[in-house]
Every structure is written in C-alpha cells, then in structure tokens.
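Enquirer: Next comes the sequence, and after it the predicted model I'd like to discuss.
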Amino acid sequence: MIVLTAVVVALGGLLYALAVRPEDLPPAGPVSPAGALEEKRAAIYANLRDLQFEFRVGKLSDEDYQHSKLGLQKELMAVSARIAQNSGTAQAPKAAAPAPVAPPGVTCPKCAARFPQPMKFCGECGAPMTGGAA
Ligand SMILES: [Zn+2]
C-alpha cells in the first residue's frame with residue numbers, strides 16, 4: 001500500500017511537472033513581495049510572448065488572441081502598478097529624511113579645520129574657537 005501510494009505520488013508529480021510550464025508555477029521558497037511581483041511580471045511577459053507566437057502560427061483565432069492579450073495586459077498593468085507603488089513607498093522615507101549636509105562639530109573660524117567635538121582652541125592653528133559657531 002505504501003509502495004502504491006509512493007508510485008501514485010511520483011506519477012502525479014511527473015505529470016504535474018510535464019503539464020505545467022515553469023512560468024505558471026508559483027515562486028518556490030520564501031520570496032520578498034517585490035521579488036514575487038517581479039517574477040509575476042516576467043511570467044506575464046513570457047505568456048504574452050507565447051500568446052503572440054501561438055497566434056502567429058495560427059493556433060489562436062484573432063478573437064481569442066485579442067481577448068487573452070487584453071487579459072494579460074490588464075494583469076501586467078496591475079502588477080506594474082503594484083511594483084511602482086512598492087518602490088514608491090520604499091523610497092518615501094529616504095526622500096522625507098533631511099540629508100545630513102554638514103556633520104556635527106566645530107569649524108575653526110581662522111583655518112577652517114573641522115573637529116567632531118567642540119573645542120576651546122583649534123587643534124590645527126591654536127586660534128580660540130568662538131563658542132557655538134559651527
Ligand atoms: Zn584653526
């Protein structure tokens with residue numbers, strides 16, 4: 001019984017592998033949402049190419065081709081929109097954060113040497129640092 005089950009499972013797996021094209025399979029393993037969307041978009045592009053090929057070789061009627069193409073293009077637009085949305089939200093915090101123009105510290109008013117810590121006298125030229133001036 002166990003052997004029979006194993007054979008059936010193996011045959012089922014083989015048939016599944018033969019019947020299903022790789023691009024139709026869901027992504028295996030843990031994939032980031034962005035990666036999954038990119039894969040989906042690539043799969044849709046592949047399907048569109050296949051569709052175009054099948055239409056060219058006469059496997060599909062014009063109506064079927066247009067209908068399937070429209071469906072895939074809608075899907076593609078939805079996936080592309082989600083990819084754009086994801087990249088937009090990912091970049092938003094970077095854009096909102098003010099860019100650090102000058103590092104904290106003090107600049108010597110005489111020789112313009114920069115020091116990370118506030119100092120009373122310049123370590124380069126010995127000039128007195130004006131308090132608070134950065
Ligand atoms: Zn100085």
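Expert: Looks like it arrived, so ask away.

Enquirer: Is the residue nearest to the spatial centre of the chain in a helix, a strand, or coil?
Expert: For the chain, the residue sitting closest to the mean C-alpha position, by C-alpha atoms, centre = their mean, is Ala34 at 4.2 Å. What DSSP: H, G, I helix; E, B strand; the rest coil gives for Ala34 is helix.

Enquirer: Could you tell me which residues make contact with the residue nearest to it when sequence neighbours are not counted?
Expert: Taking C-beta to C-beta, 6 or more residues apart in numbering, and ignoring the residues beside it in sequence, Ala34 has Asn86 as its nearest neighbour in space, at 5.4 Å. All C-beta atoms are positioned from the backbone trio N, CA, C, and that covers glycine. Asn86 makes contact with 33-34, 37 under the criterion C-beta atoms under 8 Å, 6 or more residues apart in numbering.

Enquirer: quick one: which helix or strand includes Asn86?
Expert: Using DSSP states H and E, Asn86 sits within helix 62-96.

Enquirer: So whichever helix or strand comes after that helix, near the ion or not?
Expert: Going down the chain from helix 62-96, the next helix or strand is strand 106-107, by DSSP H and E. No. Applying C-beta under 5 Å from the ion, one finds strand 106-107 separated from the ion by no less than 8.7 Å.

Enquirer: Strand 106-107: partners in the sheet, and parallel or antiparallel?
Expert: When pairing is defined by DSSP bridges, strand 106-107 lines up against strand 114-115 (antiparallel).

Enquirer: ok, is the strand it pairs with in contact with the ion or not?
Expert: No. In terms of C-beta under 5 Å from the ion, no part of strand 114-115 sits within range of the ion; the closest distance is 9.1 Å.

Enquirer: Compute the distance from the centre of that strand to the centre of its chain.
Expert: Taking the mean of its C-alpha atoms, strand 114-115 sits 40 Å from the chain's own mean (C-alpha atoms, centre = their mean, to the nearest Å).

Enquirer: Show residues contacting that strand.
Expert: With contact meaning C-beta under 8 Å, 6+ apart, strand 114-115 is reached by 103, 105-108, 122-123.
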